[in-house]
Every structure is written in C-alpha cells, then in structure tokens.
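Student: With the input below, show me the fold.
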Amino acid sequence: MPRRNFGGTWWGRSWVRALEDRASLDPNRLPRGRTYARKDQVGALTVEPGRISARVRGSRATPYRVTVGVHRFADDQWDVLLGTISWQAGYAAALLDAELPPDLAEHARAAGADLLPGPGDLRPRCSCPDSANPCKHAAAVCYLVADEVDADPFVLFLLRGRGRDELFAELRARRGRPAGAGAAPGAERGLAPREAFARVPGPLPARPAAPLAAGRPAVLPSDPPPASELCGQALAELAADAAARAWELLRGGGAGLALTAEEDLARRAAGQPLEGLAGLAAAAGVTPRELARRAAAWRAGGAGGLAVTGTAWRPPPAPIAEARAELAESGLPGTTTVWRNRVTRGPVQLRFGADGRWYRFRRAGGGWVLTGPGARRPLDLLADQD
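Tutor: Now for the predicted structure:
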C-alpha cells in the first residue's frame, strides 16, 4: 500500500520543503509529526488570517489543542507582493484559475514578501507538556497545511493576513488607478522609489529558433610536437566535448563549469560506450571497472550521486534520525542499521550526501547500486519503492 505523502501540487510540496528546510523547527519532532498526520490523529483544521488551529489525539483521552501562529505581512510587504502580481497580467490570470505560478512565488520571495514560512514565521503552541518547538502534535498540524494549500493556494495569502476577496479587490483598485498628474495620455505612471526597486526584471526576449548545433572541431593539419605528450585525436575529443558542453550551457542545461577533475572524468566516461572506457581509464590512471562504476553513478545521480558512491562520512545526527524513522515505517524486511551516512534496511540503503540530499541504493551483485537522483527527504525515495 503506498505511503501517505504530503503535497500533491508544487505549492503544497513547497510548503513542506520550507517547513523542513527553512522554518527553523525542531528536526527531531518533524518525523514524529508526520507519523501522527499519516495516522489521522489530527481533527479538522481551521485556517484564519495568521493562524491555524486543530485538535490532535495523543496519549491522553482528551485531544490536545494546537494553534500555529503565522507571521502576517506588514503593509509595505503587501505593497511589494501586490506590485509583483500586478507586474505581469499572467500572474493575476493564473490566480483566478486557482494556480500559483512558481516564478511569482520566487519573485515575491526575492522582493521580501515570501509566501512560504521562513525562520520565526511559525509560532506553534500546544496544550501538551512537551516544550519542543514544535511538539509532534503541532508538527502534524503543520504538515497537514500542505493539504489545505493543495486544495486552495490562496491559503498561503490568507495565512499572511489577506484572503482571496481582499487580494483581488486590491488588484482591481490598482488597475483602476489613473496615471500620475500631468502625464501624457497613454504614458506609464511614475513610480515611487520603493515600488521601483521592488519591481522584478522581466525575462529577456526569447531567442529566435535557429538551426544551430555544436559541430565537430576542424582537423589539425599536423599532430602536436612529440615533447608536448599530446596527440591530435585527444585534442579533437576534448574540443568536441567542450563544444557540446558550451552548446548545452547556451540552451540552459548541461553540466556546470566548476567540476573537479574526478567529476569531469566521470562525466566524460558517462557519455562513452563501455568498450570505449579503456583508453580514458588508462589516461586517468584508474581501472576500467572503477571508471565504469563512476560513470554509472554520474548517469544516475550527477555530482552528488558520484560523491555518495565513494567515501563515507559522519553527517549531523538529525538527518540520520529522520531516515531511520522513515525506514522503520517503510514495511521493508529486516532491521534498520546505521553506519556513518548510510542507513540500511533489507534491500534498500539510503546515503546522505554533503549536498544535503539523500540517495537511494539497491543491493545488486554483492554490492550497492545507485538507483537515481537525490531527494531532499528520505520519504521521497521510499514512496515509489520497488
């Protein structure tokens, strides 16, 4: 049976990520709160401007009373947020369809009106004796807010102090404001300095489609001097690789330019057929088998996947505790064991990377094989387990 996850829309998932990564809440209580939320321990939520409340069943007969205060925007923050929405007509149109555009949320955050919770934005309170911030009962309520946000993204605005009707009334009023006094007909009205600086630059005009592609390098008229220890074939391969990377970067993708020598070796090997690795391995001073292992890790998980495939390390205890709790509830056979950044249960091993992401491995051929890219939460890697 699939496990209960939180956040079916991007804005619901964004609430959960902010809750776990940015809101500065106790990481030891969040996993226990998720368990309470999954077990339907929380009654109906009430969402009001700047406040969430619910009753949560715990160990006592009487449910605990939970309230979570949310920082309400000041008037100047609302000015920034409304100006950001007014900046593009498409934003208001999307909101009318009950959709929250991702770039609107990003622009609002950059301008200082973040709809998602940051440090100090959430103030959980519970009638239980646990003094943690939050306790597991309040944490469960925080997770279930994702369901409310899934159903209606305007919950994010309401928690900051204004609901749907107020929001659209203010947007209509802004559209109806006349241009500044003395302005020529059709001229854009002047801006106050604060409003001008709050504006987020629009995207650059799209480049016209053109039949461009990375070509092959020209053939060298002669090989480099013998003393250089280079050959024309090797230079041609490097030039072709550089051209292909430059083309991918121009199109907005491709690997970054700040790769280590080990990462770049794995990247190059990942793009070659297995039978072509011998020469590259010899030049790099590694065995073909080792290079094939690195290439497979790069293809599955990029630089982060390559890093966790190698040396183990000792991360902070909080993420390990979270993974251990998730695996214990996963239904996988066996017992959960921990060694450094690796948490194992039966055929599954989760490894925590220095990039703050988790990577899933499966047992194969007496070892462990990376199954795909990393995720911020162990649960995201276990939801679709084989």
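Student: ok so Trp368 is a helix residue?
Tutor: No: applying DSSP: H, G, I helix; E, B strand; the rest coil, one finds Trp368 to be strand, outside a helix.
Student: So what pairs up with it in the strands?
Tutor: Arg363 (DSSP bridges).
Student: quick one: the nearest residue to Thr309 once chain neighbours are set aside from Glu290, how far?
Tutor: In space, and not counting its chain neighbours, Thr309 is closest to Ala297: 4.1 Å by C-beta to C-beta, 6 or more residues apart in numbering. For the C-beta atoms, the positions are set from N, CA and C on the backbone; glycine is no exception. Relative to Glu290, Ala297 is positioned 11 Å away (C-beta to C-beta, to the nearest Å).
Student: Give me the more crowded residue out of those two.
Tutor: Higher neighbour count among Ala297 and Glu290: Ala297, with 24 against 13, using other C-beta atoms under 10 Å.
Student: downstream neighbour of whatever helix or strand the more buried one lives in in the secondary structure list?
Tutor: Using DSSP states H and E, Ala297 sits in helix 288-309. As assigned by DSSP H and E, the chain's next helix or strand after helix 288-309 is helix 317-328.
Student: can you give me the strands for the stretch 201-350 of the chain?
Tutor: 336-339, 342-345, 348-352 (DSSP state E, counting those that start in this stretch).
Student: I'd like the ones you listed laid out as CSV, including distance to Ala173, mean pLDDT and mean neighbour count.
Tutor: Shown next, in CSV, are those (distance: least, C-beta to C-beta, whole Å; pLDDT from 0 to 100; neighbours: other C-beta atoms under 10 Å):
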stretch, distance to Ala173, mean pLDDT, mean neighbour count
strand 336-339, 57, 94, 13
strand 342-345, 54, 95, 22
strand 348-352, 50, 95, 24
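Student: Let me know which of those is the nearest to Gly305.
Tutor: With distances scored as C-beta to C-beta, the stretch of those nearest to Gly305 is strand 348-352 (9.3 Å).
Student: What strands line up against the closest one, and which way round?
Tutor: Here strand 348-352 has these sheet partners by DSSP bridges: strand 342-345 (antiparallel), strand 358-364 (antiparallel).
Student: if I pick Leu45, what's in contact with it?
Tutor: 52-54, 141, 144-145, 148 (C-beta atoms under 8 Å, 6 or more residues apart in numbering).
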